[in-house]
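>>> How does the following fold in three dimensions:
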Amino acid sequence: MANANHSPLLRLLPSLTDAAFLLPVIIIYGRLQGAKLLLGDGDTGWHIRTGEWILANGRVPQHDIFSYTKEGAPWFAWEWLWDVLFARLHQWGGLAAVVLGSLLVLCFASALLYRLVRRHCSNDLLAFVITAMAAAGSSPHWLARPHLFTLLFVVLFLHILERVQEGRTRLLWLLPALTVLWVNLHGGFFVGIFLLGCYAGGRIFAWLVDPDRAAAQHALRDARPYVYAASGCLAASFLNPYSYHLHLHIWNYLRDPFLFKHVQEFQPTSFQHPGAYYYGPVLLLGVLAAAWSARERRFEQTLLLSAWIWLGLYAVRNVPIAMLVCAPAVARMLDSWLSWLKQAQLADWWNRAAAAFQELSAEFAALDRPWRLHLASAVAFLAAAFLHFLPAPPEKFIARYDPKRYPEKALTALGEPAQAGRIFTHDEWGDYLIYKLYPRLRVFVDGRSDMYGEAFNRQFLNVMNVKPGWGETLARHHVDTVLLPVDSPLTGALKESTVWRVAYDDGTAIVFRRNGFQLENGLAYKTATAGPLQSSNAAGPESGRQECRPPAPRGEQVSVSSHSEDREDHGGRAAARINSSNRDPRITNLNRRSESTCCGTF
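Down below sits the predicted model:
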């Protein structure tokens, strides 16, 4: 066996680390919808256009550049670095490159998670099973968006913190450097500071409860490096284009009760969702692992597990991070249980099964643990990447916005964007229009709920739910065209209205034009007989009606080439982040998906 460990051929063979690296590929393309899963959120589109704007202007935007309702309003493009990186990928390879870039981040996070779990667990097969469960449990929020980097950084932080506990304290000073990258890639950078706080809190708690005062003082000294590192990470987080204003913005955003009531990602986790078959057992075992860690006096693990399990139950967006935090502690606990079962006075078949599993794992580890070149996982990933760029790729490898969920066919009915008037649609399709038609068209609303604010979002929901005043809201913003899903509550109201007429209906999307607003020879115009803009709920007439067109570009609104015209870009189906009704049944089908998906992290 020793000779085999040093055999050059062994270095080329795949290992469990390779398998863990490929777990996202296997889950996405084997179990789920393929590229459509990663392109299941329209936010990807406006992030790409933001990155293109930054590349064209050489600076980060400070004000809104996408809407006609909030034109010039302050806007924090806090994920600007992701936007730039993936805009470059998009310019090179379209949405297929965006999908592959996101997939690569997931693969590295999965491989690093397995190596972290294995450090806590001597049983390699058990470590892989727990990693697979955690990966499947977090997969519902695998979307081509900046938050994937938060998952990667969480695993990196946990790796470093684990090594610090082994005595390598100097590694803590890598964390502020990582925070500088994190804060410019995604707003979840504060999670890293929170992790450090849990480790410091665990040591402080040990100082408070340890009856041995010498050991207690040692625990207090151990807490100081974590406190210093957390302070360093906090200071490093100010190295972003918005400085401390970003922190204030995120603080106010996360304290907004309106968002917690209406944004789907902030809803409590549902255990009736198909994804609960994976994240449910991990969370349950995590509760047991928290108690087990307290028994072993690993109080930092108890704090981490307790906090993130509660956060995962409180809001579904936190489930993926809860999976990453739970996996190592759960593996450690189960590994201890297996050792106990092997020696416990139980039925013979229990003892034999536990012993056989441990022996199998030990034999497997002897072959698996020697270092590898990891060529197998690299070749498999490149093969999956190659399939995306075939002239006729397999269905799951087509990086395309799903025409069954997005108004792809309806775009032709809108006419020339520069002359199409002002369009109202819901936030998710607003994201889609930004991706397809910006900068030639501005939108009423999109997925940037933090920028629009509670007052505007409430008006938007009132229109979508046909509440009193919806007609006045459309009139106040001079809306000429309405683009909606055919099953929207507003669709029925507009069909009954004498002011609006159906201009297009393909069974997925329906387009309404205000009477008097027509298209001739591909150009939109308004007739002299245009009547008042009012709704069927007796909204008051609009006075002083004037012809309105999308606002002219401002200083920050330079022309960016529309890659949707140069290339057939492909995407997936998405999820409106704002519930159009408190009674909307889609709240139980997170992100409006039928597959085992949910939404998870900030």
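
>>> you'd agree residue 507 is in a helix?
No. According to DSSP: H, G, I helix; E, B strand; the rest coil, residue 507 belongs to no helix; its state is coil.

>>> quick one: pLDDT of it?
Per-residue pLDDT puts residue 507 at 90.

>>> burial of it, as a residue count?
Counted with other CB atoms under 10 Å, the neighbours of residue 507 add up to 8. Using the backbone N, CA and C atoms, a C-beta is placed for each residue, glycine as well.

>>> OK, contacts around it?
residue 486 (CB atoms under 8 Å, 6 or more residues apart in numbering).

>>> One more pass at 10 Å, please.
Applying CB atoms under 10 Å, 6 or more residues apart in numbering to residue 507 gives the contacts 404, 409, 486.

>>> phi, psi of the first one?
Recorded main-chain torsions at residue 404 are phi -80, psi -20, according to degrees, to the nearest 10.

>>> thought it was touching residue 508?
Yes. With contact defined as CB atoms under 10 Å, residue 404 and residue 508 form a contacting pair (6.2 Å).

>>> Who has more neighbours out of those two?
Set residue 404 next to residue 508 and count neighbours by other CB under 10 Å: residue 508 wins out with 17 against 10.

>>> what's the distance between the more buried one and residue 407?
Taking CB to CB, to the nearest Å as the criterion, residue 508 is separated from residue 407 by 7 Å.

>>> Give me the common contacts of those two.
Overlap between the contact sets of residue 508 and residue 407, as judged by CB under 10 Å, 6+ apart, is given by residue 485.

>>> Beyond the helix or strand harbouring residue 52, next helix or strand please.
Take DSSP states H and E as the rule and residue 52 turns out to sit in helix 43-57. The C-terminal neighbour of helix 43-57 among helices and strands, as given by DSSP H and E, is helix 80-120.

>>> I'd like the mean pLDDT over that following helix, please.
Averaging pLDDT residue by residue across helix 80-120 gives 96.

>>> Also stretch 46-64?
The model assigns stretch 46-64 a mean pLDDT of 96.

>>> And that stretch, what's buried?
Buried residues in stretch 46-64, counting neighbours by 16 or more other CB atoms under 10 Å, are found at 46-54, 60-61, 63-64.

>>> Can I get that stretch in CSV? Just the C-alpha atoms.
These are the backbone C-alpha positions of stretch 46-64, laid out as CSV (Å, rounded to 0.1, in the frame of the first residue of the first chain):
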residue,chain,number,x,y,z
TRP,A,46,-29.2,44.0,-14.9
HIS,A,47,-26.0,43.0,-13.1
ILE,A,48,-24.4,42.3,-16.5
ARG,A,49,-25.7,45.6,-17.9
THR,A,50,-24.3,47.4,-14.8
GLY,A,51,-20.9,45.9,-15.4
GLU,A,52,-21.0,47.0,-19.1
TRP,A,53,-21.9,50.5,-18.0
ILE,A,54,-18.9,50.6,-15.5
LEU,A,55,-16.6,49.3,-18.2
ALA,A,56,-17.8,52.0,-20.6
ASN,A,57,-17.7,54.8,-18.1
GLY,A,58,-14.7,53.8,-16.0
ARG,A,59,-16.5,54.4,-12.7
VAL,A,60,-19.2,53.0,-10.5
PRO,A,61,-22.7,54.5,-10.9
GLN,A,62,-24.0,56.6,-8.0
HIS,A,63,-27.6,57.1,-9.3
ASP,A,64,-30.2,55.0,-11.1
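
>>> That stretch: how far from the chain's middle?
Using CA atoms, centre = their mean, to the nearest Å, the mean C-alpha position of stretch 46-64 is found 20 Å from that of the whole chain.

>>> repeat for stretch 158-173
28 Å.

>>> for the buried residues of stretch 46-64, which one is nearest residue 176?
Nearest to residue 176 out of the buried residues of stretch 46-64 is residue 60 (CB to CB; 21.6 Å).

>>> So that closest one sits against residue 78, correct?
Yes. Between residue 60 and residue 78 there is a contact at 9.2 Å, judged by CB under 10 Å.

>>> Can you pull the residues that touch both of these two?
Residues touching both residue 60 and residue 78 comprise 184, 240-242, with contact defined as CB under 10 Å, 6+ apart.

>>> Just give me the closest of the residues you listed to residue 275.
For residue 275, the nearest member of the shared contacts of residue 60 and residue 78 is residue 184. The distance, counting by CB to CB, is 30.1 Å.

>>> List the contacts of the spatially closest residue to that closest one that is not a sequence neighbour.
Closest residue in space to residue 184, ignoring its immediate chain neighbours: residue 81 at 4.1 Å, by CB to CB, 6 or more residues apart in numbering. Shown here is residue 81, whose contacts under the criterion CB under 10 Å, 6+ apart are 51, 54, 60, 146, 149, 181-186, 240-241.

>>> Now intersect those residues with the helices, please.
For those, membership in helices holds for 51, 54, 149, 181-185, with DSSP state H as the criterion.

>>> helix or strand right after the helix or strand hosting residue 455?
Counting by DSSP H and E, the secondary-structure element that holds residue 455 is helix 449-464. Tracing the chain C-terminally past helix 449-464 and defining elements by DSSP H and E, one meets helix 470-476 next.

>>> and residue 291, how far is that from residue 242?
Note on residue 291: its distance to residue 242, by CB to CB, is 42 Å.

>>> Neighbour count for those two, which is higher?
Under the criterion of other CB under 10 Å, the comparison of residue 291 against residue 242 puts residue 242 first, with 18 against 13.

>>> Surely that one is in contact with residue 60?
Yes. Contact criterion CB under 10 Å: residue 242 and residue 60 qualify, at 8.1 Å.

>>> okay, and the common contacts of these two?
Common contacts of residue 242 and residue 60 (CB under 10 Å, 6+ apart): 76-78, 80.

>>> hang on, the earlier thing: by contact count, what packs against the helix holding residue 455?
With contacts defined as 3 or more CB pairs under 10 Å, 6 or more residues apart in numbering; DSSP states H and E, the packing partners of helix 449-464 are helix 244-254, helix 257-262, strand 423-424, helix 427-437, helix 470-476, helix 489-496.

>>> which of these is buried the deepest?
Relative to the other members of the helices and strands packed on helix 449-464, helix 427-437 carries the highest mean neighbour count by mean count of other CB atoms under 10 Å, namely a mean of 26.

>>> on contacts alone, who are the packing partners of that helix?
Applying 3+ CB pairs under 10 Å, 6+ apart, one finds that helix 427-437 contacts helix 43-57, strand 423-424, helix 449-464, strand 481-485, helix 563-566.

>>> Quick one, which of the ones you listed gets closest to residue 279.
Judged by CB to CB, the one of the helices and strands packed on helix 427-437 that comes nearest to residue 279 is helix 43-57, at 22.4 Å.
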